[in-house]
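Undergrad: coords below, sequence missing:
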């Protein structure tokens, strides 16, 4: 029962964070600036309604030659400290406000102040990277499918961390979620885009990675189980059609290589 409770609590927490971010993202707020580092200003934003108000730490991304004279800015990201649950807003002005900031880009922008904190970042355009993972050749080829604690089956992936390449993220996320060290196959990069919510879009980028053996060790905090199975079975297990399309492309490429 405790495991189910933890999963449900996590689901509700993620839903609450997403709902809060939806209320903040895209809105323009007055900013009180008190510090600057590079092209990022630090200050505060007061968010209020008819009955209450809350003051959040705010970071404003500007053009490189911007001064501290910024009176308002558009919210492009919401940062939640996983340890303290403190909330900070990331805003932008000018052309920077029209750019679709991804999580790792926001983390890099505020690294001077927030580099030591464990942040969950929500934004209008999120990105993650992962891989179609397989072992063996020909009729013996098996694909790695994981079932997440939140219920769906798919391919290992995760958010890009600051200063990582897409390929580095894919290798790291596979290792973290499954304990498997993969070698990426050249010539394969596929992406899909879909809606996370009414306002937030997500792009998932996949590579193709091979490993030898069957020593899989799942990350229990995120993954409940796994299967190493042939292509047809893997396709049946995968929950979302977007992931099936990626798997199809990987099977096609590997079949061509082996032909």
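TA: Structure's in. What do you need? Since the model is a prediction, treat every value here as computed from it, not as a measurement.
Undergrad: Am I right that residue 239 is in contact with residue 148?
TA: No: contact criterion CB atoms under 8 Å: residue 239 and residue 148 do not qualify, at 9.2 Å. C-beta: built from backbone N, CA, C; applies to glycine.
Undergrad: any shared contact partners between the two?
TA: Both residue 239 and residue 148 are in contact with residue 154, where contact means CB atoms under 8 Å, 6 or more residues apart in numbering.
Undergrad: quick check, residue 251 in a strand?
TA: No: Residue 251 is assigned helix when assessed by DSSP: H, G, I helix; E, B strand; the rest coil, not a strand.
Undergrad: Report the contact partners of the residue nearest to it when sequence neighbours are not counted.
TA: Nearest residue to residue 251, sequence neighbours excluded (CB to CB, 6 or more residues apart in numbering): residue 231, at 4.9 Å. Taking CB under 8 Å, 6+ apart, we find residue 231 in contact with 141, 143, 247, 251.
Undergrad: Quick check: the farthest pair among these?
TA: For the contacts of residue 231, the farthest-apart pair by CB to CB is 141 and 247; their separation is 11.8 Å.
Undergrad: Looking at the two, which one has more neighbours?
TA: residue 247 (22 against 17; other CB atoms under 10 Å).
Undergrad: give me phi/psi at the more buried one?
TA: Dihedral angles of residue 247 (phi, psi; degrees, to the nearest 10) stand at phi -60, psi -40.
Undergrad: That one contacts residue 131, doesn't it?
TA: No: Residue 247 lies out of contact with residue 131 (CB under 8 Å); the separation is 11.1 Å.
Undergrad: Quickly list what's touching both of those two.
TA: Taking CB under 8 Å, 6+ apart as the contact definition, residue 247 and residue 131 share the neighbouring residues residue 155.
Undergrad: For stretch 249-259, buried residues please.
TA: For stretch 249-259, the neighbour count (16 or more other CB atoms under 10 Å) marks 249, 250, 251, 253, 254 as buried.
Undergrad: mean confidence for the helix or strand the last one falls within?
TA: In this case it means residue 254. In the assignment (DSSP states H and E), residue 254 maps to helix 241-258. Per-residue pLDDT over helix 241-258 has a mean of 96.
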